[in-house]
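> here is my input; please provide its structure:
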Amino acid sequence: MSSEQVKVTLTQIADYSFNVSFDQTDIADLVTDETPPLGGNHGPNPSRMLLAAIANCLSASLLFAMRKYKNTPGTIRAEVRGTLGRNPEGRTRVQHVDVDLHLPDAAASYDQFERILQQFENFCVVTESVRSGIEIAVQVHDGSGEVLHSSVNQVGG
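Residues are numbered from 1 along each chain as shown. The predicted model follows:
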């Protein structure tokens, strides 16, 4: 299996607002920010970005699966809601995500629709990664580049 590395760089603008650069692409930068009282709500916060990533990936996966069977659906619309709550340590976490995907036409107008529904989620890189857990390694460097902190989560643990 081949692997590909994707790089994104965040640079603090002020307080909790960051400029997000999608390295090695022509994609325009994005500003993120926390909601009040921490931030100024100048852009989506990380929880909203996660929800957007899940819904976008599922929508694209559904479109891919539909086109695989020669369907040409019109505009797909997605609504995503995340439930935030506290974990046992009292820290806020995304605890549950609901995604509603809306197709423009009746199911009967699509070829191989049952088969599409059985497989489209498997094409979604983000949703399936979040569902199964992702190993995340974190390092904190000081101004001279010295590593001050290093951690790796245990997936599934």
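> and Glu135, which of the three is it?
Here Glu135 is recorded as coil under DSSP: H, G, I helix; E, B strand; the rest coil.
> residues contacting the closest residue to it other than its chain neighbours?
Closest residue to Glu135 apart from its sequence neighbours, by Cβ to Cβ, 6 or more residues apart in numbering: Val155 at 5.1 Å. Every residue, glycine included, has its C-beta placed from N, CA and C. Residues in contact with Val155 (Cβ atoms under 8 Å, 6 or more residues apart in numbering) are Ser132, Gly133, Ile134, Glu135.
> same thing but 10 Å
Shown in contact with Val155 (Cβ atoms under 10 Å, 6 or more residues apart in numbering): Ser132, Gly133, Ile134, Glu135, Ile136.
> which residues touch the last one?
Meaning Ile136. Ile136 touches Ser151, Val152, Asn153, Val155, counting by Cβ under 10 Å, 6+ apart.
> wait, the first one sits on Val138?
Right, the one you point to is Ser151. Yes. Judged on Cβ atoms under 10 Å, Ser151 makes contact with Val138 at a distance of 5.0 Å.
> the helix ranked longest in the chain: what's the following helix or strand?
With secondary structure taken from DSSP state H, the chain has its longest helix at helix 46-68. Note on helix 46-68: by DSSP states H and E, the next helix or strand toward the C-terminus is strand 77-86.
> the spatially most central residue of the chain: what's it in contact with?
The residue lying closest to the centre of the chain (Cα atoms, centre = their mean) is Ala53, at 2.7 Å. Counting by Cβ under 10 Å, 6+ apart, Ala53 touches Val80, Cys124, Val125, Val126, Thr127, Ser129, Val130.
> before we move on, the earlier item: of the contacts of Ile136, which belong to helices?
Among those, no member falls in helices (DSSP H).
> just send the residues you listed back as JSON lines, with pLDDT and distance to Gln112 too.
Shown next, in JSON lines, are the contacts of Ile136 (pLDDT from 0 to 100; distance: Cβ to Cβ, whole Å):
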{"residue": "Ser151", "pLDDT": "84", "distance to Gln112": "45"}
{"residue": "Val152", "pLDDT": "87", "distance to Gln112": "42"}
{"residue": "Asn153", "pLDDT": "80", "distance to Gln112": "39"}
{"residue": "Val155", "pLDDT": "73", "distance to Gln112": "34"}
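> of all these, which comes closest to Ser2?
Checking the contacts of Ile136 against Ser2 by Cβ to Cβ gives Val155 as the nearest, at 20.9 Å.
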